[in-house]
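Undergrad: Return atomic coordinates for the entry below.
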Amino acid sequence: MDHYIVKGGNSLSGEVEIAGAKNAALGILAASVMTNETVTIENIPDVSDIRAILKAIQMIGAHVEKVDRHCYRINGSMISRGSAVDNDYVRKIRGSYYLIGALLGKHRCASVALPGGCNIGLRPIDQHIKGFRALGADVSLVSPGMVVAEAEVLRGSHIYMDVVSVGATINIMMASVMAVGQTIIENAAKEPHVVDVANFLNSMGANIKGAGTDTIRIRGVERLHGTNYSIIPDQIEAGTFMFAAAATRGDVTIRNVIPKHLESLSAKLKEIGCQIHESDDELRVVATRRLGATNVKTLPYPGFPTDMQPQIAVLLGLSRGVSIVTESIFENRFKYVDELIKMGAHVTVEGNTAIIDGVEKYTGARLSSPDLRAGAALVTAALAAEGFSEVHEIHYIERGYEDFPEKLRRLGAEIEIIETEEEKRKFMFRVG
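TA: Next up, the predicted model:
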């Protein structure tokens, strides 16, 4: 199996361009089939999760035309009512559940396989189902692992979310944009990709107000129309490069970002001693010395994102002093800690808290990615470590990062994708 081999010790330096937001793109691509007219979507990241959802909508009848690597034209007019979304592609990705809201909103009928994704903890869809039922849909879970939602008419409703859920907020938004009357979603998620999906739907003629706040108001419209739309930059990819720059004591300018979306990350980096320089659409991270300790708790946006928890833990593992990282979103998000301990990290996990006593250096090791974000964090650890590391199970990383090793090499990293021992020997001989 393909895996990364990394020689650590190089400070990352230079510029990196951030791709479109994967989490926004999954919702937007699902919503694209809600009109019978053609939509053109730009700044789509070329990662395996996106390729999977494109295949899934194509297999139920959507016309999908690749304009270039990051731009697609999609027409969902040939998707018939009652089309079942059940194939290997849709079962691989968590974001496939957005097709429930999209098809229910368009056809008043959806039959979609329960999704997969990373095993980072329970991510129930009870809030999604609660919202669909409030709109008037009958929802059932049937064998083998299918969600079926049907309604004669969808009617606007006042929906209070029991917990803040990005997926449920987006799904209920999509289901309600063509419902009769007004829908109000309270305790809604405020993440940038929620706003991006709402803006996309509005560009197709929806009437959504309040996205980005905890109360979203949706006035149903009769139909949606075609549009041209460009997806926002990926805040988690940007954050990953920010923390990689800090961990390797580098100087990296991260381009094509929205600095407002990165405020919680920038604040923590400044707190522990990094220099952060912001401009309109780029951000520079400079770390010239060993950094300090801090405490972090993951929270819904605008708090510190759970998807950046492994990355900051890797950085704090090299910082001076004792740090505490508390995970409040997913219960299985510390599975990478055993891999980090192989590299010499001093980390103790107690329940949903990691206590990190920083060490001066990591040592290269053979590592296995337990999930998407932890995999990227382990690559960061390998870049900062002394000696050679191997990172296996990189299919997780490829779910959410476009050209990850290539972008790192352009910043001075020594990293390659290899498959055989012979390729490993050649790499080690070449880089010394």
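Undergrad: Would you check that residue 112 makes contact with residue 142?
TA: No: using C-beta atoms under 8 Å, residue 112 is not in contact with residue 142; the gap is 11.1 Å. Backbone N, C-alpha and C define where each C-beta goes, glycine included.
Undergrad: of those two, who's got more company?
TA: The residue with more neighbours, out of residue 112 and residue 142, is residue 112; 28 against 9, by other C-beta atoms under 10 Å.
Undergrad: Could you check how many residues crowd around residue 235?
TA: Neighbour count of residue 235, defined by other C-beta under 10 Å: 27.
Undergrad: can you tell me the helix or strand for residue 140?
TA: Using DSSP states H and E, residue 140 sits within strand 138-142.
Undergrad: Which of the residues in that strand are classified as buried?
TA: Buried residues in strand 138-142, counted by 16 or more other C-beta atoms under 10 Å: residue 139.
Undergrad: and it, how far from the chain's centre?
TA: A distance of 27 Å separates the centroid of the chain from that of strand 138-142, by C-alpha atoms, centre = their mean, to the nearest Å.
Undergrad: Spell out which strands sit alongside that strand in the sheet and which way each one runs.
TA: Sheet pairing of strand 138-142 (DSSP bridges) gives strand 146-150 (antiparallel).
Undergrad: Residue 140 bridge partners, please.
TA: Counting by DSSP bridges, residue 140 is bridged to residue 148.
Undergrad: so what pLDDT did it get?
TA: pLDDT recorded at residue 140 is 91.
Undergrad: isn't it right next to residue 148, touching?
TA: Yes: counting by C-beta under 8 Å, residue 140 touches residue 148, with 5.3 Å between them.
Undergrad: Can you name every helix or strand that the helix or strand where residue 354 lies contacts?
TA: Residue 354 is part of strand 353-357 when elements are defined by DSSP H and E. With contacts defined as 3 or more C-beta pairs under 8 Å, 6 or more residues apart in numbering; DSSP states H and E, strand 353-357 has these neighbours: helix 309-316, strand 322-326, strand 346-350.
Undergrad: The second one - which strands sit beside it in the sheet, and in what orientation?
TA: Taking DSSP bridges as the criterion, strand 322-326 forms sheet pairs with strand 295-297 (parallel), strand 353-357 (antiparallel).
Undergrad: and residue 207, what does it touch?
TA: The contact partners of residue 207, taken as C-beta atoms under 8 Å, 6 or more residues apart in numbering, are 177, 218, 219, 220, 221.
Undergrad: Is it possible to get a markdown table of the residues you listed that adds pLDDT, distance to residue 406 and neighbour count?
TA: Below are the contacts of residue 207 laid out as a markdown table (pLDDT from 0 to 100; distance: C-beta to C-beta, whole Å; neighbours: other C-beta atoms under 10 Å):
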| residue | pLDDT | distance to residue 406 | neighbour count |
| --- | --- | --- | --- |
| 177 | 98 | 38 | 28 |
| 218 | 98 | 41 | 27 |
| 219 | 98 | 45 | 15 |
| 220 | 98 | 45 | 19 |
| 221 | 98 | 43 | 16 |
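Undergrad: Now tabulate the residues you listed in JSON lines and tack on distance to residue 275 and secondary structure.
TA: Shown next, in JSON lines, are the contacts of residue 207 (distance: C-beta to C-beta, whole Å; DSSP: H, G, I helix; E, B strand; the rest coil):
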{"residue": "177", "distance to residue 275": "44", "secondary structure": "coil"}
{"residue": "218", "distance to residue 275": "43", "secondary structure": "strand"}
{"residue": "219", "distance to residue 275": "46", "secondary structure": "strand"}
{"residue": "220", "distance to residue 275": "49", "secondary structure": "coil"}
{"residue": "221", "distance to residue 275": "48", "secondary structure": "coil"}
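Undergrad: hang on, the earlier thing: so which bits of the strand holding residue 354 are buried?
TA: The neighbour-count check on strand 353-357 (16+ other C-beta under 10 Å) flags 354, 356 as buried.
Undergrad: how big is the angle separating it from helix 309-316?
TA: Relative orientation of strand 353-357 and helix 309-316, computed by axes from the mean of the first three to the mean of the last three C-alpha atoms, to 10 degrees: 20 degrees.
Undergrad: contacts for strand 353-357?
TA: The contact list for strand 353-357 (C-beta under 8 Å, 6+ apart) reads 293, 313, 316-317, 321-327, 334, 337, 345-349.
Undergrad: What is the helix or strand following that strand packed up against?
TA: Downstream of strand 353-357, the first helix or strand assigned by DSSP H and E is strand 366-368. Other elements packing on strand 366-368 under the criterion 3+ C-beta pairs under 8 Å, 6+ apart are helix 337-342, helix 372-384, strand 388-392.
Undergrad: Who does strand 366-368 pair with, and is each partner parallel or antiparallel?
TA: strand 388-392 (parallel).
Undergrad: Quick check: what element follows the strand it pairs with along the chain?
TA: Using DSSP H and E, the helix or strand that follows strand 388-392 in sequence is helix 395-398.
Undergrad: which residues sit against that following helix?
TA: If you take C-beta under 8 Å, 6+ apart as the criterion, helix 395-398 is touched by 47-48, 118, 369-372, 374-376, 379, 391, 404.
Undergrad: could those be laid out in JSON lines, adding pLDDT?
TA: Shown next, in JSON lines, are the contacts of helix 395-398 (pLDDT from 0 to 100):
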{"residue": "47", "pLDDT": "96"}
{"residue": "48", "pLDDT": "93"}
{"residue": "118", "pLDDT": "45"}
{"residue": "369", "pLDDT": "97"}
{"residue": "370", "pLDDT": "95"}
{"residue": "371", "pLDDT": "94"}
{"residue": "372", "pLDDT": "94"}
{"residue": "374", "pLDDT": "97"}
{"residue": "375", "pLDDT": "97"}
{"residue": "376", "pLDDT": "98"}
{"residue": "379", "pLDDT": "98"}
{"residue": "391", "pLDDT": "98"}
{"residue": "404", "pLDDT": "98"}
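Undergrad: Now the two most distant members of the residues you listed.
TA: Farthest-apart pair in those is 47 and 370; separation 18.3 Å (C-beta to C-beta).
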